[in-house]
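1. Based on what follows, work out the 3D shape:
(2 chains)
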Amino acid sequence: SQQGEEDPQALSIQEGENATMNCSYKTSINNLQWYRQNSGRGLVHLILIRSNEREKHSGRLRVTLDTSKKSSSLLITASRAADTASYFCATGPIQGAQKLVFGQGTRLTINP
Amino acid sequence: EAGVVQSPRYKIIEKKQPVAFWCNPISGHNTLYWYLQNLGQGPELLIRYENEEAVDDSQLPKDRFSAERLKGVDSTLKIQPAELGDSAVYLCASSGGLAGTGEQFFGPGTRLTVL
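-> Numbering: from 1, shown residues only, chains lettered A, B, ... in the order given. Take a look at the predicted model:
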C-alpha cells in the first residue's frame, strides 16, 4: 500500500521555469523525504525534512511541510533539462514498521 | 565510494521458471531493503534486513519469494516459480543510520520480464 499521493501526476514546463510538486499523506510521520528517479535508473535521495521542520532548502530545491494538512511541496527553481525525471515523496512513520512508504510520483518534463 | 550494486540489470524468463537477483550494499551499511516497483508506481517494500536478520518481511509473498542475507552483507532475492505478474523492477537499497527513517541509497535495479 502507498501512503503518499503526488500531485500532479505529470508536469511539463519550459527550461528556466519553476516546478512545484505536491505530496499528501495519511498518517503521522517522523520525516518526509523526496527522491528523484531518472529513466531506467535507481532513486536518488534529494532532501529530508523532519516533522518539526516547516521548510528546508538545498541548492535549487525548496521543500515545505505542513503536518496539520499532512502535505508537503517540492519546488525546483530555474529548471534545467537535466531535472527531467520522476519525483517521489516518501514518508517515515512515527510508529510501526520503520520503513519508508513511497507515493506514486510526479513525472516532470523540462522542455528546452 | 561505490554505490549499491545489483545484478543482473535485466532478466527475461518464461513463467514458472526460477529467477534470482543479487545485491551488494554500500560498505558498512547494516540495513538492506528489497523493493518492487511496478511501471508508473513508487517502490513498495518487500523485505528489510538489519544485518543478517529479516526484521520486516510482511509484504513478501512467501509462497514464491524468498530472500537471504548471509553474513549480513550481500543479499539474494529469489522467485520460484515466476508468474506473469512478477514483471517489474526490483530495487535494492541500503542505509547506515536509523533503520528505515533516514536516507536510503538505491541500486539501479533489476528489470524482470516474465513471458
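2. Name all residues that make contact with B:Q104.
-> Taking C-beta atoms under 8 Å, 6 or more residues apart in numbering or on different chains as the contact definition, B:Q104 lies against A:43, A:45, A:100, B:33, B:93-95. All C-beta spots, glycine's among them, are computed from the backbone N, C-alpha and C.
3. Swap in 7 Å and give it another go.
-> B:Q104 makes contact with A:45, A:100, B:33, B:93, B:95 under the criterion C-beta atoms under 7 Å, 6 or more residues apart in numbering or on different chains.
4. For beta bridges, what are the partners of the first one?
-> It refers to A:H45. Beta bridges link A:H45 to A:Y35 when assigned by DSSP bridges.
5. what does the third one give?
-> Here B:Y33 sits in beta bridges with B:R48, B:A93, as judged by DSSP bridges.
6. In contact with it, which residues?
-> Applying C-beta under 7 Å, 6+ apart, one finds that B:Y33 lies in contact with B:45, B:48, B:92-93, B:104.
7. quick one: which two of the contacts of B:Q104 are the most distant?
-> Distance extremes for those: the farthest pair is A:H45 and B:Y33 at 13.2 Å, using C-beta to C-beta.
8. Which positions in chain A make contact with chain B?
-> Residues of chain A lying near chain B by C-beta under 7 Å from any C-beta of the partner chain: A:2, A:30-31, A:41-43, A:45, A:48, A:88, A:92, A:97-100, A:102-105.
9. Can you find the helix or strand in the chain with the smallest mean pLDDT?
-> Picked chain A for this. Taking mean pLDDT, DSSP states H and E as the measure, strand A:5-7 is the helix or strand of chain A with the lowest mean score, a mean of 87.
10. Switch to chain B, please.
-> Least confident helix or strand of chain B, by mean pLDDT, DSSP H and E, is strand B:53-56 with a mean of 90.
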